[in-house]
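Q: Could you look at this predicted model? Sequence included:
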Amino acid sequence: MMISEYGNKQLTEEKVFKDPVHRYIHVRDQVIWDLIKTKEFQRLRRIKQLGTLYLAFHSAEHSRFNHSLGVYEIVRRMVVNFREFEEWDNDDRLLALCAALLHDLGHGPFSHCFETIFDTDHEEFTRKIILGNTEVNAVLKRVGIDFPLEVAQVIDKTHENKLVISMISSQIDADRMDYLQRDSYYTGVSYGNFDMERILRVMRPSKDEVIIKDSGMHAVEDYLMSRYQMYWQIYFHPVSRGGEVLLNLALRRAKYLHEEGYVFKQAPKYFIPFFDGTLTVHDYLRLDEMVVNFYLQEWIHEDDEVLSDLSHRFVNRDLFKYLPFDGSIITITEIEELFRKGGVDPEYYFFSDSYSDLPYDYDRPGSKSNRRPIHLQKRNGELKEISSQSAIIHSITGMHRMDSKLYYPKEKILQIEDPEVKGQIINLLNELA
């Protein structure tokens with residue numbers, strides 16, 4: 001598409017953001033600078049990158065704003081490196097930079113946890129924000145009338161330019177390379193560290209995807225193992241998941257009370273469109289973590305004991321206990337029935353949480369994956385799928401690891417008055433442990 005004069009405009013002086021991961025984030029394009037200043041992008045300062053993980057790692061307070069700038073910076077560096085290759089069309093530079101910057105624009109409070117509760121999709125809302133009556137849309141339209149649609153299509157992976165899509169969303173993309181390092185830094189661990197400088201040096205553009213020069217295979221091995229470790233050591237941390245459980249239950253209770261006509265002391269007006277299913281982009285953008293935390297603190301003082309208790313627990317980090325669960329001893333239904341007999345409502349005081357990860361896989365006959373592989377480029381130009389060349393990556397390819405936990409409030413079990421039921425539950429929980 002034709003880029004307007006505005007789209008080609010450069011700042012008179014480069015702007016930089018000091019960054020703990022990339023040292024500096026460089027901005028020369030007027031479009032990028034104007035997008036950063038929009039209220040929709042500034043809202044990302046009020047959305048945590050890691051949701052409730054700060055309950056387990058106290059310094060994990062960084063935002064989607066930090067991460068979005070980081071992804072932009074990595075893509076900017078990719079573009080600089082790709083310019084020497086004929087497969088790269090520099091007319092796609094601004095499209096790649098804008099899509100990288102805006103890829104997480106539609107995240108809600110506490111990120112993925114929030115999506116589960118209200119059945120929202122951050123990618124769908126990213127598209128709606130980019131295409132709607134927003135400041136972001138107004139900036140993008142100044143580049144070209146169809147430019148907002150092109151940016152949205154890259155983010156939702158429907159654009160015809162598969163190379164630009166793969167730079168932002170693939171099994172080795174700028175998004176993952178930023179969040180692994182950033183989340184590692186802010187949680188104080190080293191699992192997410194890998195040699196990004198090396199990976200960027202060996203990345204090559206092709207017609208449909210980013211490929212890796214053969215000599216960079218070991219750097220990719222390190223990257224994929226970093227991702228594997230971060231998921232199981234950090235992202236799936238049971239304390240963080242326990243925070244998500246409480247948030248889920250508290251908001252579920254608030255929704256139920258609203259539907260039952262309960263009169264709140266603090267009317268949840270910002271939540272009502274979510275509760276009623278009448279949500280607009282404007283409603284969605286008004287809700288951030290500052291607003292959610294305000295309501296949770298107010299709900300501590302509600303007359304409804306369940307909402308008050310769950311809100312108190314989340315705000316003050318009084319988390320449920322958790323146990324591993326594989327279903328071999330007793331079923332979820334049987335446990336719920338025991339809780340009911342003891343007068344503990346399993347609807348709000350018992351939660352089964354399951355999660356899984358597939359560190360690397362690719363689409364092939366008989367595979368359940370629809371993911372594109374990572375390709376290595378041999379010296380003769382031939383492309384090879386990476387697990388066929390690396391024993392380390394071959395060992396984790398298609399490995400679908402799963403785990404489950406049960407969450408419950410221990411003190412409520414100890415308060416059960418029926419000694420027989422209490423004994424049954426305690427014995428069962430001890431056996432699970």
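A: Noted; the coordinates are in hand. Residues are numbered from 1 along each chain as shown.
Q: which strand is the longest one in this protein?
A: strand 10-19 (DSSP state E).
Q: C-terminal to that strand, what's the next element?
A: Using DSSP states H and E, the helix or strand that follows strand 10-19 in sequence is strand 23-29.
Q: For that next one, which outside residues touch it?
A: 9-11, 14-19, 33, 36, 69-70, 72-73, 76, 94, 97 (CB atoms under 8 Å, 6 or more residues apart in numbering). The C-beta positions use only the backbone N, C-alpha and C, and glycine is treated the same way.
Q: same thing but 10 Å
A: 7-19, 32-33, 35-36, 66, 69-70, 72-74, 76-77, 80, 93-94, 97-98, 101, 143 (CB atoms under 10 Å, 6 or more residues apart in numbering).
Q: can you list the domain ranges for this structure.
A: Split into domains by automatic domain parsing, the chain comes to 10-235, 239-355+404-432.
Q: and among the ones you listed, the most buried is which?
A: domain 10-235 (a mean of 19; mean count of other CB atoms under 10 Å).
Q: Give me the distance between the two termini of that one.
A: By CA to CA, to the nearest Å, the extent of domain 10-235 from end to end equals 39 Å.
Q: How far away from the center of its chain is it?
A: 12 Å (CA atoms, centre = their mean, to the nearest Å).
Q: pLDDT averaged over it - what is it?
A: Looking at domain 10-235 alone, the average pLDDT works out to 96.
Q: cool, stretch 374-385 as well?
A: The model assigns stretch 374-385 a mean pLDDT of 96.
Q: What are the buried residues along it?
A: Buried positions in stretch 374-385, judged by neighbour count with 16 or more other CB atoms under 10 Å: 374-377, 384-385.
Q: Can I get that stretch as CSV, trimmed to CA atoms?
A: Extracted in CSV, the C-alpha atoms of stretch 374-385 (Å, rounded to 0.1, in the frame of the first residue of the first chain):
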residue,chain,number,x,y,z
ILE,A,374,11.2,-23.5,13.0
HIS,A,375,13.4,-24.0,9.9
LEU,A,376,17.2,-24.0,9.7
GLN,A,377,18.8,-22.9,6.5
LYS,A,378,21.7,-25.1,5.5
ARG,A,379,24.8,-23.8,3.7
ASN,A,380,23.4,-25.1,0.4
GLY,A,381,20.1,-23.1,1.0
GLU,A,382,18.1,-26.2,1.9
LEU,A,383,15.6,-25.8,4.8
LYS,A,384,15.4,-28.4,7.5
GLU,A,385,12.9,-28.5,10.4
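Q: any idea of the pLDDT on the closest residue to residue 118 other than its chain neighbours?
A: Excluding the flanking residues, the one nearest residue 118 by CB to CB, 6 or more residues apart in numbering is residue 274, at 4.8 Å. Looking at residue 274, its pLDDT is 93.
Q: Out of the domains of the chain, the one nearest residue 362 is which?
A: Relative to residue 362, the nearest member of the domains of the chain by CB to CB is domain 10-235, separated by 7.9 Å.
Q: now the buried residues of stretch 374-385 as TSV including secondary structure?
A: Output for these, formatted as TSV (DSSP: H, G, I helix; E, B strand; the rest coil):
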residue	secondary structure
374	coil
375	strand
376	strand
377	strand
384	strand
385	strand
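Q: can I get these in TSV with distance to residue 27?
A: Below are those laid out as TSV (distance: CB to CB, whole Å):
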residue	distance to residue 27
374	30
375	32
376	33
377	31
384	37
385	37
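Q: Which residues are in contact with the closest residue to residue 9 other than its chain neighbours?
A: Leaving aside its chain neighbours, residue 9 sits nearest to residue 30 (4.1 Å; criterion: CB to CB, 6+ apart). By CB under 10 Å, 6+ apart, residue 30 lies in contact with 6-12, 139, 142-143.
Q: next structured bit after the helix or strand encompassing residue 407?
A: In the assignment (DSSP H and E), residue 407 maps to strand 401-408. Following strand 401-408 in sequence order, the next helix or strand is helix 410-414 (DSSP H and E).
Q: now that next one, how far from the centre of its chain.
A: 33 Å.
Q: quick revisit: from the buried residues of stretch 374-385, which is closest to residue 332?
A: residue 374 (37.8 Å).
Q: Leaving out sequence neighbours, find the closest residue to the closest one.
A: Nearest one to residue 374, counting by CB to CB, 6+ apart, is residue 386 at 4.4 Å.
Q: Run a quick check on that neighbour versus residue 171, I expect a contact.
A: Yes: assessed by CB atoms under 10 Å, residue 386 is found in contact with residue 171 at 9.1 Å.
Q: where do the contact lists of these two overlap?
A: Between them, residue 386 and residue 171 share the contacting residues 220, 224, 360, 362, 373-374, judged by CB under 10 Å, 6+ apart.
Q: Quick one: list the elements packing against the helix ranked longest in the chain.
A: Determined from DSSP state H, the single longest helix within the chain is helix 238-259. Applying 3 or more CB pairs under 10 Å, 6 or more residues apart in numbering; DSSP states H and E, one finds that helix 238-259 contacts helix 112-118, helix 272-276, helix 289-299, helix 305-315, strand 321-324, helix 346-349, strand 351-357, strand 401-408.
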